[in-house]
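Asks: Fold the stuff below for me.
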Amino acid sequence: MMLLKLLLSLVAVYGSDSGSGEDDDSSSVTLAWVNATSRVGGKQTCAGIIMPCGDQVSCTTTAIGPCNSSASEISATQYIKTYLIGMAYVDEAKYLSCADETNCADMKIMNAISGVGFRDVSSTTGQYGYSYTMTGRPFGATDGAYLGVATYLNTGTGDIVVSENDFYLYIPNSGVSSEGVSRGDSTMGAPQGPVKACIADMGANGACTGTRKFTPAASKFSIFAFTYGDNYATTYKAGVNGFPNPMTHMAIRTHFKCVGFAPTGLKIVNMNEEVKSLDTIGNDDVFSFSVTMDEGGSLDYSFPQEYNWGDTANYTVGSDTALPLSGVGSIKIKIKPIPDSGDSIYIDYLIDFAHIKDGSKYAVYDPTSTTDGTKGGAVTKSNKKTNFPTWAIVISVVLPVLFCVALVGVFLLMQKKKSPEPKA
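Replies: Residues are numbered from 1 along each chain as shown. Now for the predicted structure:
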């Protein structure tokens with residue numbers, strides 16, 4: 001049961017030591033599958049991880065797809081495989097045009113500290129039960145940013161209502177051992193935390209207001225970036241140390257791969273509500289996209305446009321108080337084709353560098369996914385934060401449902417389990 005919960009809630013985070021960001025071919029790895037008890041469109045969902053794993057990529061890759069009902073063993077033959085490639089500091093207007101991303105004046109790729117990273121796993125049962133997994137890694141030995149992705153699945157029968165989440169991390173050179181710790185159902189948890197962060201709205205004087213409601217079977221994940229280092233502001237500076245000038249954003253790149261089916265009919269909608277293709281999207285900010293599957297139906301993504309950010313200069317990691325909330329930023333979403341690939345794309349999430357310009361800042365982008373087959377949770381341009389906050393992924397299919405939450409930047413442990421209905 002714990003393995004099932006792990007598989008259903010795991011989202012990958014890693015830094016590419018080579019900078020290439022390429023994943024293993026699906027034929028060269030072995031996926032261990034389990035199935036969820038909930039059904040969408042009459043089909044069970046299968047989730048898989050690479051077994052055995054031995055490096056930062058294989059130990060953090062996840063796959064999700066419709067179970068193969070005709071097979072004697074639990075498995076999926078058509079699925080989505082996702083992981084976070086890493087991060088870069090970029091000139092938003094130009095970086096997608098870089099011919100060689102490892103040697104380009106408009107972006108600088110940051111490599112994670114070596115190792116497989118950290119992974120926290122826990123779960124609860126009952127009416128408000130959920131499963132939770134967080135993976136994360138520091139980028140920068142003395143000055144840099146800890147990036148992580150955390151996700152949970154509502155395994156109970158009641159709505160979970162929250163306003164804050166807990167996040168775990170590791171800050172190099174902070175006097176804390178870099179060894180993973182035993183916590184919950186994991187022996188490789190991040191050494192520091194929790195830190196509490198608001199995932200709801202910002203009210204007067206930085207107050208965290210409102211709540212977020214997650215219905216049974218909803219899958220949710222968060223991207224978390226936490227900068228550190230006394231020399232961050234002078235090291236991560238436009239025009240020096242190989243950083244672009246201007247340097248407008250931190251870009252968190254994820255990899256989205258279709259396995260077992262050829263994606264056709266890819267439709268991308270930009271912020272002007274114009275329909276684009278991979279050939280024509282260029283540098284446009286993406287509002288939504290959809291892809292058609294071989295057996296019919298489509299996978300539809302909608303991107304809400306906001307994230308929370310704040311200052312950590314006077315915050316003590318592990319304290320009972322929440323991270324200060326300084327403001328709300330506008331996320332930018334980019335899609336880039338992967339050369340010579342007919343089944344994969346990059347999805348980039350851009351955080352304004354002004355909100356992470358020194359070694360005492362954080363940002364939280366808090367998405368939610370639903371699999372109810374409707375578009376009721378989708379984001380509209382006049383509704384930047386929905387009941388499922390900053391990233392609703394609505395999957396609508398005729399036959400099986402395929403979905404996977406790709407991203408970065410993280411960690412989500414349900415901070416509160418409240419009554420089925422949010423307070424006024």
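Asks: From now on I want contacts and neighbour counts done on CA atoms only, so please keep to that.
Replies: Will do.
Asks: my guess is Leu153 meets Tyr132, correct?
Replies: Yes - Leu153 is within contact range of Tyr132, at 6.8 Å (criterion: C-alpha atoms under 8 Å).
Asks: chain center to stretch 185-197, what's the gap?
Replies: From the chain centre to the centre of stretch 185-197 is a distance of 17 Å (C-alpha atoms, centre = their mean, to the nearest Å).
Asks: Could you pull out the helices in the stretch 1-150 of the chain for me?
Replies: Ranges of helices in the stretch 1-150 of the chain, per DSSP state H, counting those that start in this stretch, are 2-9.
Asks: still on that earlier bit, out of Leu153 and Tyr132, which sits in the busier spot?
Replies: Neighbour tally, Leu153 and Tyr132, criterion other C-alpha atoms under 10 Å: the higher count belongs to Tyr132, 29 against 26.
Asks: Please report how far that one lies from Thr151.
Replies: 6 Å (C-alpha to C-alpha, to the nearest Å).
Asks: pLDDT below threshold where in the stretch 201-350 of the chain?
Replies: Low-confidence segments of the stretch 201-350 of the chain (pLDDT under 70): 217-219, 293-299.
Asks: quick one, helices of it?
Replies: 232-235.
Asks: Contact partners for Lys257?
Replies: 80-82, 343-345 (C-alpha atoms under 8 Å, 6 or more residues apart in numbering).
Asks: For Leu278, state which of those residues is nearest.
Replies: Ile345 (9.0 Å; C-alpha to C-alpha).
Asks: Does the closest one touch Pro337 like I think?
Replies: Yes - between Ile345 and Pro337 there is a contact under C-alpha under 8 Å: 4.9 Å.
Asks: What segments of the stretch 101-250 of the chain are strands?
Replies: 107-110, 118-123, 130-139, 144-154, 160-162, 164-169, 181-183, 186-189, 192-198, 201-202, 208-209, 212-214, 219-228, 249-259 (DSSP state E, counting those that start in this stretch).
Asks: between those strands, which gets nearest to Gly86?
Replies: strand 249-259 (5.6 Å).
Asks: Partner strands of that closest one and their direction?
Replies: Pairing partners of strand 249-259, with direction, according to DSSP bridges: strand 79-90 (antiparallel), strand 344-352 (antiparallel).
Asks: any idea which helix or strand comes after the last one?
Replies: Okay, so that is strand 344-352. On the C-terminal side of strand 344-352, the closest following helix or strand by DSSP states H and E is strand 361-365.
Asks: Listing partners with orientation, what would you give for that following strand?
Replies: Applying DSSP bridges, you get strand 219-228 (antiparallel), strand 306-311 (antiparallel) as the partners of strand 361-365.
Asks: Give me the angle between the first one and strand 192-198.
Replies: Counting by axes from the mean of the first three to the mean of the last three C-alpha atoms, to 10 degrees, strand 219-228 points 110 degrees away from the direction of strand 192-198.
Asks: Could you report the neighbour count for the nearest residue to Gln78 once chain neighbours are set aside?
Replies: In space, and not counting its chain neighbours, Gln78 is closest to Gly260: 4.5 Å by C-alpha to C-alpha, 6 or more residues apart in numbering. Here the count is done by other C-alpha under 10 Å, and Gly260 has 15 residues near it.
Asks: No further queries at this time; thank you.
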